[in-house]
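Student: this is the structure alone, sequence omitted:
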Ligand code: 13P
C-alpha cells in the first residue's frame, strides 16, 4: 500500500476551495434525470452530457475530483480524449463508483445492503489502469420513526463499506466511504442525528477493524436534517450545528476530509448548509462537498438536450461550483443566488 500517494490524493481532492462533482449516476439514475428534461438516454447523449460537464472552463478551480460511472470512465471527448485523461490533464482527479447498488437485506424487512464486493479486487485493478485514483461506495440507510434501520442492518452496511475501503487502499485507490442516511420520510432532525451517529460509529469501528488508514480516505455522509415530509424543517444554523456535533463525536480527526452528499436538498440549501458549517470552523477535517443533484440540477435545466444551450449549461455549472467554493470558506451568502 502506497501510503504517501493515498494521503496526497485524499488531500488534493479537498484542497482549499475544492470538492467533488458526483457524475456517477448509474444507467437507471441518469435516465431518470434525462426523463425530467425529456432527453432520451443513449450512450451518446450520456457521453455528450458528461463532456459538457467536464469541459466547462474553470471548474478545476473548485472541483478537485469527479466521480464517474463505469461506462463514463471508458468514454472519450469528441476529440477522442478519454475522460479520465481529459480530467487529469486539467488537474482534476478521476474517480469511479464501484458499488452495484442497494438491495433488500434478506430477513430484515425495510433494511437494505449494498452489493458489489465479489470480484471487486479485479475491477479495482482495471479501474486504476484506466486512470481512476479514488473510488466510491454508497450504503443506503432508510429511516423511519422507530425500527428502521435495525442494528444489524447498520452493521451489515458498515462491514461492506469497510471491506470495500480496505480493497481500495490495497489497490492504491482512495476510498470515499458513503453511508447515506436518506432524507425521505417524516422523521424529525433529532431522529436523523441519532441514526447518523449510530451509523458513523459502526462504520469507523469496522474501518478500524479492517485496518483502513483513516488518513488515506474521505467520508461522504449525509447532513443531519429533518425528513422531507417532516412538518418541522430545521433552519440552516440548526442543521449545521447538529451535523457538526454528530460528526465531531464520531469521525476521527485523522480523516482528511468530509465531502457531503446533497441527498435531495435544493442546490441553494446544500450550499447554504455547507457555508454555515465552514463559518463555524475550523473543524478537525476539511468540510466540503461531493454533490450530484445540487451541482447538476441547474445544468440539466439549462441544457435541455440542446446544443445551443451548452454555453448556458456550462455557466450554470460554473456558478454552482463557484458558490460552493465560497461556501468552503464560509464566504457564501444566499443573496449571491441569481446574481450571476
Ligand atoms: P447527491 O448529491 O445527488 O445526493 O448525489 C451524491 C452521490 O454521489 C450519491 O451517491
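Tutor: Here it is on my side, so go on. As the structure is a prediction and not an experimental result, all values here were calculated from the model.

Student: which residue does the protein bring closest to the ligand?
Tutor: Sorted by distance to the ligand under Cβ to the nearest ligand atom, the residues of the chain start with residue 292, at 2.8 Å. Where C-beta positions appear, they are placed from N, C-alpha and C, glycine not excepted.

Student: so the nearest residue to that residue once chain neighbours are set aside bridges to which residues?
Tutor: In space, and not counting its chain neighbours, residue 292 is closest to residue 22: 3.8 Å by Cβ to Cβ, 6 or more residues apart in numbering. The residues paired with residue 22 through beta bridges, assigned by DSSP bridges, are residue 67.

Student: what kind of secondary structure is the residue sitting nearest the centre point of the chain in?
Tutor: Taking Cα atoms, centre = their mean, the centroid of the chain lies closest to residue 290, which sits 3.8 Å from it. Judged by DSSP: H, G, I helix; E, B strand; the rest coil, the three-state class of residue 290 is strand.

Student: what bridges to it?
Tutor: The residues listed as beta-bridge partners of residue 290 by DSSP bridges are residue 20.

Student: pretty sure it sits against residue 67.
Tutor: Yes - the pair residue 290 and residue 67 passes the contact test of Cβ atoms under 8 Å, sitting 7.1 Å apart.

Student: what sits in contact with each of those two?
Tutor: Shared between the contact lists of residue 290 and residue 67 (criterion: Cβ atoms under 8 Å, 6 or more residues apart in numbering) are residues 20-22, 176.

Student: rewinding a little: report the contact partners of the residue of the chain closest to the ligand.
Tutor: For residue 292, the residues meeting the contact criterion (Cβ under 8 Å, 6+ apart) are 22-25, 261-262.

Student: and if you look at residue 115?
Tutor: 99-103.

Student: follow-up on the earlier one: make TSV out of the contacts of residue 292 and add neighbour count.
Tutor: Formatted as TSV, these follow (neighbours: other Cβ atoms under 10 Å):
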residue	neighbour count
22	28
23	22
24	25
25	24
261	26
262	26
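
Student: could I get the residues you listed as JSON lines with pLDDT?
Tutor: Listed next are these as JSON lines, based on pLDDT from 0 to 100:
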{"residue": "22", "pLDDT": "98"}
{"residue": "23", "pLDDT": "98"}
{"residue": "24", "pLDDT": "98"}
{"residue": "25", "pLDDT": "98"}
{"residue": "261", "pLDDT": "98"}
{"residue": "262", "pLDDT": "98"}
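
Student: out of those, which are close to the ligand?
Tutor: With respect to the ligand, and counting by Cβ under 6 Å from any ligand atom, the subset of the contacts of residue 292 in contact is 22, 24, 261-262.

Student: between the residues you listed, which is nearest residue 240?
Tutor: For those, the minimum distance to residue 240 (Cβ to Cβ) is 14.8 Å, reached by residue 262.

Student: what does the protein have sitting close to the ligand?
Tutor: Counting by Cβ under 6 Å from any ligand atom, the residues of the chain that sit close to the ligand are 22, 24, 138, 178, 261-263, 291-294.

Student: tell me who's in contact with the residue lying closest to residue 59 once chain neighbours are set aside.
Tutor: Counting by Cβ to Cβ, 6+ apart, residue 59 lies nearest to residue 321, which is 5.2 Å off, once chain neighbours are set aside. Going by Cβ under 8 Å, 6+ apart, residue 321 touches 21, 56, 58-59, 61-63, 295.

Student: how many neighbours does residue 253 have?
Tutor: The criterion is other Cβ atoms under 10 Å. On that basis, residue 253 has 10 neighbouring residues.

Student: make sure it is actually in contact with residue 284.
Tutor: Yes - look at residue 253 against residue 284 with Cβ under 8 Å: they come within range, at 3.7 Å.

Student: with adjacent residues omitted, what lies nearest to residue 293?
Tutor: Leaving aside its chain neighbours, residue 293 sits nearest to residue 262 (5.4 Å; criterion: Cβ to Cβ, 6+ apart).

Student: sheet partners, orientation included, of the helix or strand encompassing residue 113?
Tutor: Element membership of residue 113 [criterion: DSSP states H and E] is strand 112-114. Applying DSSP bridges to the sheet, strand 112-114 is found paired with strand 102-104 (antiparallel).

Student: am I right that the residue nearest to residue 292 is in contact with residue 261?
Tutor: Yes - Residue 22 lies in contact with residue 261 (Cβ under 8 Å); the separation is 7.3 Å.

Student: shared neighbours, those two?
Tutor: Taking Cβ under 8 Å, 6+ apart as the contact definition, residue 22 and residue 261 share the neighbouring residues 290-292.

Student: how about the contacts made by the residue nearest to residue 292?
Tutor: When contacts are counted by Cβ under 8 Å, 6+ apart, residue 22 is found next to 66-67, 136, 261, 290-292, 295.

Student: and residue 218, by the same measure?
Tutor: Contacts for residue 218 (Cβ under 8 Å, 6+ apart) come out as 10, 13-14, 134, 174-177, 255-259, 290.

Student: got the phi and psi for it?
Tutor: Summarising the backbone geometry of residue 218 under the convention degrees, to the nearest 10, its torsions are phi -130, psi 150.

Student: so what sits opposite it in the bridge?
Tutor: residue 176, residue 257.
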